[in-house]
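Q: no FASTA, just this:
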């Protein structure tokens, strides 16, 4: 089965700086890679995703890059703000395997701390 | 839309007791899942459903039962609670984004369960 490794487990950056979280996956059949943000006491929320036919995707201050050959993908947050403080999870799956109900394998999470 | 709702928010059980965690969604999503979240372990899939009347096991199904009699509801039953089931439980629903080869998964706010 799929195995997703996520690094670092904790990341502390100064407000306004950039943050990068990296994930690697093991199953070359995986082709859908979502990222989730979890705030304290809440459920994870989808913030951005990328498919394997795309190398990069941006949405305002966040971007995700994918290197299929190396089997790794990364989340980039620029101009970090205090509200970016949260736990971030990456995930991987071969899409359309149960609509995501059964196929998502999650990384163990990165606690992002934005220092004022 | 209320999205994905879960009850209760908190629960304390004694070893051997049984209980049902409730999950409902009002988005008419076909797919639903139950995850548990433990410190340092990320999210692990317990059971999932790809439609009413259809359920299957995830990564960590032992000690849990599910059923899906309607599209909206997906309860999780703990048959005989054990301290190892102390965790935060998240229910999620998802749908396949047409033509995208991707899907969006929405999580509920979670149930924090302690088994003594």
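A: Right, received. Where do you want to start? This is a predicted model, so every value here is computed, not measured.
Q: can you list contacts of the helix or strand where residue B:32 lies?
A: Using DSSP states H and E, residue B:32 maps to strand B:31-38. Residues outside strand B:31-38 that contact it (CB atoms under 8 Å, 6 or more residues apart in numbering or on different chains): A:98-102, B:21, B:23, B:25, B:43-51, B:58, B:60, B:64, B:66, B:68, B:74, B:76, B:85, B:87-95, B:103, B:105, B:110. Every C-beta, even on glycine, is put in place using the N, C-alpha and C of the backbone.
Q: Drop anything exposed from those residues.
A: A:98-102, B:21, B:23, B:25, B:43-50, B:58, B:60, B:64, B:66, B:68, B:74, B:76, B:85, B:87-95, B:103, B:105, B:110 (16 or more other CB atoms under 10 Å in any protein chain shown).
Q: Narrow these to those in strands?
A: B:21, B:23, B:25, B:43-50, B:64, B:66, B:76, B:87-95, B:103, B:105 (DSSP state E).
Q: Would you mind giving me the confidence score for residue B:74?
A: Looking at residue B:74, its pLDDT is 97.
Q: pLDDT at the closest residue to residue B:7 other than its chain neighbours, what is it?
A: In space, and not counting its chain neighbours, residue B:7 is closest to residue B:22: 4.7 Å by CB to CB, 6 or more residues apart in numbering or on different chains. Here, the pLDDT recorded for residue B:22 equals 98.
Q: ok now do residue B:22, which residues does it touch?
A: B:6, B:7, B:8, B:73, B:75.
Q: nearest residue to the fourth one other than its sequence neighbours?
A: Spelled out, it's residue B:73. residue B:24 (5.2 Å).
Q: and that neighbour, how many neighbours?
A: Number of residues near residue B:24 (other CB atoms under 10 Å in any protein chain shown) recorded here: 19.
Q: my guess is it meets residue B:71, correct?
A: No. Using CB atoms under 8 Å, residue B:24 is not in contact with residue B:71, being 10.0 Å away.
Q: if we look at the sheet, which residues does the closest residue to chain A within chain B bridge to?
A: In chain B, the residue that lies nearest chain A is residue B:107 (3.3 Å; CB to the nearest CB). Residue B:107 has these beta-bridge partners by DSSP bridges: residue B:92.
Q: what residues are up against residue A:24?
A: Under the criterion of CB under 8 Å, 6+ apart, the neighbours of residue A:24 are A:4, A:5, A:70, A:71, A:72.
Q: For it, list each beta-bridge partner.
A: When assigned by DSSP bridges, residue A:24 has beta-bridge partners residue A:5, residue A:72.
Q: where's it relative to residue A:110, distance?
A: From residue A:24 across to residue A:110, the span is 13 Å (CB to CB, to the nearest Å).
Q: Kindly report the same for residue A:71.
A: Residue A:71 is 18 Å from residue A:110, by CB to CB.
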